[in-house]
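Participant: Please work out how this folds:
(chains A, B, C and D)
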There are 2 protein chains.
Amino acid sequence: MSSLPVVNQPPHRCGALIDHLARRLRLRSESVLAPLGIRPRHLIALTVLRDRGESSQQDLAKILEMDGTNVVGLLNDLEAENLVERRRSTADRRRHVVELTDVGAKLLARAEFALAAVEDEVFSTLGDDQRETLYELLQQATRKTGTEACREADPC
Amino acid sequence: MSSLPVVNQPPHRCGALIDHLARRLRLRSESVLAPLGIRPRHLIALTVLRDRGESSQQDLAKILEMDGTNVVGLLNDLEAENLVERRRSTADRRRHVVELTDVGAKLLARAEFALAAVEDEVFSTLGDDQRETLYELLQQATRKTGTEACREADPC
DNA sequence: TAGATTGTTGGTGTAGGACAAATCATTAAT
DNA sequence: ATTAATGATTTGTCCTACACCAACAATCTA
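Facilitator: Predicted coordinates:
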């Protein structure tokens, strides 16, 4: 059946570890992000918008895996601070095309810079190269899953 | 000043990515873990207990980075299902030594097995070797931070 | 025109978790 | 021996993030 004789047993489960680390990061990040006027979940949204470029709110809801109504609130927060811009799609004027503003991009950069100390603490046992590897793995995991989430949708 | 000409700029920030992935994992894990009678945070606690061995509740509070009173509730849940055992420390009879029971270890194993599908979905874009690398990086990040958390305490 | 879709508002409910205060058992300090 | 500090527990309050539902306006599609 299987064409490969390689080890087929799945690798270790890292869900709990990710959950654990996410908690540690979030706790520290909150205080670091507070002076910037945003919260961790805002940072996620900004990151997604930067990595994916402009998206409809439905896309965001799918990618962020949160309820549409809550996405509205999230974007309201971000738009109120000019970090994000909603404009009507010319193709389908029901849609809002959400895009990161220059202000948002700059704030995101500042936020990430400010989080250096946090990550240095949480990932103190990882070398720079290991952290980069981790980043790439995570990036790969999230990016393509975004594509996958879009595969079921129309305009990707 | 710097003895090395290597790139000194810190690696990318992966906090947001971890947060994002953690959310995706948690949402799916909840429904998978529900039939087993536990929730994601229980799984984290069980995992920590397996990886660290028996610990005092204070240690757990420090490692899980949650309030002591909430650790009590968490352990109450786990103990009610016989997944965890609290016994008095012989050295300091105020302390409770918390340990994973056989039942707990088995349930943890079953839970991880049941989460295979979840991780397969979320990490669909990572190969088995990449997932293993990811696991090891996460493990390393969490394990030693636990030691670090214990460094400030007494009996480690 | 009728029906479906995108976003928006408002309201409700729940769960996680922080925090404070009081209690009990035990240990350490004087 | 008395007092103070510590670990665990209980209770109760509060807040935040969310999911979920219903209703609505604007727009697209059949």
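Participant: where does chain A have its least confident helix or strand?
Facilitator: Of the helices and strands making up chain A, the lowest-confidence element is helix A:128-151, at a mean of 76, by mean pLDDT, DSSP states H and E.
Participant: ok, how many other residues are close to residue A:79?
Facilitator: 16 (other CB atoms under 10 Å in any protein chain shown). For the C-beta atoms, the positions are set from N, CA and C on the backbone; glycine is no exception.
Participant: and what of the one 4 residues further on?
Facilitator: Neighbours of residue A:83 under the rule other CB under 10 Å: 25.
Participant: Touching, it and residue A:103? I think so.
Facilitator: Yes: in terms of CB atoms under 8 Å, residue A:83 counts as a neighbour of residue A:103; the distance is 5.8 Å.
Participant: Contact residues of chain A facing DNA strand D?
Facilitator: Proximity of chain A to DNA strand D (CB under 7 Å from any atom of the strand) is limited to residues A:39, A:41, A:65, A:66, A:67, A:69, A:70, A:92, A:93, A:94.
Participant: Check which residues of the helix or strand where the second one lies are buried.
Facilitator: So that's residue A:41. Per DSSP states H and E, residue A:41 falls inside helix A:40-52. Within helix A:40-52, the residues that count as buried by 16 or more other CB atoms under 10 Å in any protein chain shown are A:40, A:41, A:42, A:43, A:44, A:45, A:46, A:47, A:48, A:49, A:52.
Participant: what's the average pLDDT for that helix?
Facilitator: Across helix A:40-52, the average pLDDT comes to 96.
Participant: That helix near chain B at all?
Facilitator: Yes: applying CB under 8 Å from any CB of the partner chain, one finds helix A:40-52 in contact with chain B at A:40, A:41, A:43, A:44, A:46, A:47, A:48.
Participant: Just the CA trace of stretch A:124-141, in PDB.
Facilitator: The C-alpha trace of stretch A:124-141 is given here as PDB (Å, rounded to 0.1, in the frame of the first residue of the first chain):
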ATOM      1  CA  SER A 124      16.000  32.400  26.000                       C
ATOM      2  CA  THR A 125      17.000  28.800  25.500                       C
ATOM      3  CA  LEU A 126      16.900  29.000  21.800                       C
ATOM      4  CA  GLY A 127      19.700  30.400  19.700                       C
ATOM      5  CA  ASP A 128      19.100  32.900  17.000                       C
ATOM      6  CA  ASP A 129      19.300  30.300  14.300                       C
ATOM      7  CA  GLN A 130      16.900  28.100  16.200                       C
ATOM      8  CA  ARG A 131      14.500  31.000  16.500                       C
ATOM      9  CA  GLU A 132      14.700  31.700  12.900                       C
ATOM     10  CA  THR A 133      14.000  28.100  12.100                       C
ATOM     11  CA  LEU A 134      11.000  28.200  14.400                       C
ATOM     12  CA  TYR A 135       9.800  31.300  12.800                       C
ATOM     13  CA  GLU A 136      10.000  29.800   9.300                       C
ATOM     14  CA  LEU A 137       8.200  26.700  10.400                       C
ATOM     15  CA  LEU A 138       5.400  28.700  12.000                       C
ATOM     16  CA  GLN A 139       5.200  31.000   9.000                       C
ATOM     17  CA  GLN A 140       5.000  28.000   6.700                       C
ATOM     18  CA  ALA A 141       2.300  26.400   8.900                       C
END
